[in-house]
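Enquirer: whatever this is, show me its structure:
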Amino acid sequence: MSFFNNFCETITQIETTLRVKESFDLINRTIKIAGRQACIFFIDGLVKDEVMEKIMEFFYSVKEGELTDADTFSKEGIPYVEVDITSDLEQICANILSGILVLVVEGFDKALAIDVRTYPQRSVDEPEKDKVLRGSRDGFVETLVMNTALIRRRIRDADFTVKIFNVGSRSKTDVVMCYMDSMVDHKLLDRLSKKLETIKVEALTMNQQSLVEAIYPYPWYNPFPKFKYSERPDSTASSILEGNIVILVDNSPSAIIVPTSIFDIVEEADDYYFPPITGTYLRLSRYLVTIATLLVTPLWLLALQNPQYVPSLFQFVLLKDPVNIPIFWQLMVLELAIDGLRLASLNTPSALSTSLSVIAGIILSDFAVTAGWFTTEALLYMAFVAIANYSQPSYELGYALKFMRILILILTALFNIWGFVIGCLVTILLISFNKTLSGKSYLYPLIPFHGKEFLRRFFRVRIQKSR
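Expert: So this is what the prediction gives:
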């Protein structure tokens, strides 16, 4: 027996499956089109009111002879672009729950799905994290269609492909893969496609992070990021044109870029918005500062533990006055205190965040030194580390370097010079044995070595002309 044989039973079954009576925002309205009974289902707040008014006007003007069958009516009778037909109950309910208007007409053997949805969204302002000194000022938002449109605006090529998946047995979250078909690694593409099609999760509760953990269950002990995240459409489009795959998740304002090496993660859009010499300077400065955030405090601790090895030129780094708390514990407490202040600033109302941050930084540090808790040198070096950590755009890399810095500090305090060397070796090994999602080296083009590409990672060159 067909699902559409009896109009009343069809409506009842859809209402029962969706539990329409229990949810106030699930709307179903019975109307008459050319003398036939019809019912529309939609979610209040996810439809375009102006378009709905026009479509309703048209429905009331339809004549009996125009209602032949669902296929003909969808092609010739509905004055709207995005119209589909389906006879599957599960698909009908999925369409309604995603915001699509569904029309069931008496005598039709299929339902009509009219995509008149509109999602609440903020404006495409420049993202707070991925700001640039020069360049475009738009950024991704939480709406998937808008994000793909921002990329499409930059890549007007038929080779550019946007493939959609549905992930989560309950959430049914839309996930999109964007790539250039002639440039992408098809083995990686096929592997990712199979994973997205077969992921067995109820919902992507933590959005992108839930998807990442389902795609690539990497070892917990290696903190270095396996994915690059970007909130900038220009950077994302550039990555796609280089042959990478971009994954967009509905309700997330950032893109996942794969495969990713550590050199990709440290890169920033400003490197390319300035002339080659300026871009090279900015890139090299970022590399040096990033390495400095890892080694400054461990090197200082090592110097204090071995003053006899410190050259006379750098004797000023040694402490002249006695300290109440060992330097190692001062640095450990400051590592935690900086994160505490960062978390506090996130939860502080915007109108007060700037002033309270200044007060916390100046007054707390001044009283801490006066009370004898910390030395001015410890505060200076940790302040440099905290600020310099923002010179590179990745939060994940910043925390990875923080964990490695703490490990080196602990080993240096326990085993002196050998502890410092071991800590640095552990950091290098964790980076070296890390793998990208494609299984390639995390340090490419350093390992395996590719001279020309390696130089391009450090020195910004002119954009090559197409042949």
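Enquirer: by contact count, what packs against the lengthiest helix in the chain?
Expert: In the chain, taking DSSP state H as the definition, the longest helix is helix 395-432. On a contact count with 3 or more Cβ pairs under 8 Å, 6 or more residues apart in numbering; DSSP states H and E, helix 395-432 meets helix 262-266, helix 276-305, helix 327-346. All C-beta spots, glycine's among them, are computed from the backbone N, C-alpha and C.
Enquirer: buried deepest among those helices, which one?
Expert: Mean neighbour count (mean count of other Cβ atoms under 10 Å) peaks for helix 262-266 among the helices and strands packed on helix 395-432, with a mean of 20.
Enquirer: tell me the helix or strand right after that helix.
Expert: helix 270-273 (DSSP states H and E).
Enquirer: so how far is that next one from its chain's centroid?
Expert: Its chain's average C-alpha position is 21 Å from that of helix 270-273, according to Cα atoms, centre = their mean, to the nearest Å.
Enquirer: equivalent analysis for stretch 20-31, please.
Expert: In this view, stretch 20-31 has its centroid 35 Å away from the chain centroid, taken as Cα atoms, centre = their mean.
Enquirer: quick one: end-to-end length of it, please.
Expert: The first residue of stretch 20-31 is 17 Å away from its last residue (Cα to Cα, to the nearest Å).
Enquirer: mind listing what's buried along it?
Expert: For stretch 20-31, burial by neighbour count (16 or more other Cβ atoms under 10 Å) applies to 20, 26-28.
Enquirer: the longest helix of the chain to helix 276-305, inter-axis angle?
Expert: Using axes from the mean of the first three to the mean of the last three Cα atoms, to 10 degrees, the direction of helix 395-432 lies 70 degrees away from that of helix 276-305.
Enquirer: which elements pack onto the next helix or strand after helix 395-432?
Expert: Counting by DSSP H and E, the element after helix 395-432 in chain order, helix or strand, is helix 451-458. Helices and strands touching helix 451-458, by 3+ Cβ pairs under 8 Å, 6+ apart, are helix 276-305.
Enquirer: residues contacting stretch 308-324, please?
Expert: Stretch 308-324 is touched from outside by 300, 303-304, 307, 327, 330, 372-373, 375, 377, with contacts defined as Cβ atoms under 8 Å, 6 or more residues apart in numbering.
Enquirer: please repeat the previous calculation with a cut-off of 7 Å.
Expert: Applying Cβ atoms under 7 Å, 6 or more residues apart in numbering, the contact partners of stretch 308-324 are 300, 303-304, 307, 372, 375, 377.
Enquirer: next, the buried residues of that stretch.
Expert: Counting neighbours by 16+ other Cβ under 10 Å, one finds that the buried residues in stretch 308-324 are Val323.
Enquirer: where in the stretch 301-450 of the chain is pLDDT low?
Expert: Along the stretch 301-450 of the chain, segments meeting pLDDT under 70 span 350-364, 366-367.
Enquirer: stretch 250-259: which residues count as buried?
Expert: Quick answer for stretch 250-259 (16+ other Cβ under 10 Å): 250, 252-259.
Enquirer: likewise stretch 224-244?
Expert: Neighbour-count burial for stretch 224-244, counted by 16+ other Cβ under 10 Å, picks out 224-240, 244.
Enquirer: straight-line length of it, end to end?
Expert: Distance across stretch 224-244, first residue to last, is 19 Å (Cα to Cα).
Enquirer: show me how far it is from its chain's centre.
Expert: A distance of 10 Å separates the centroid of the chain from that of stretch 224-244, by Cα atoms, centre = their mean.
Enquirer: repeat for stretch 12-26
Expert: Distance, centroid of stretch 12-26 to centroid of chain: 34 Å (Cα atoms, centre = their mean).
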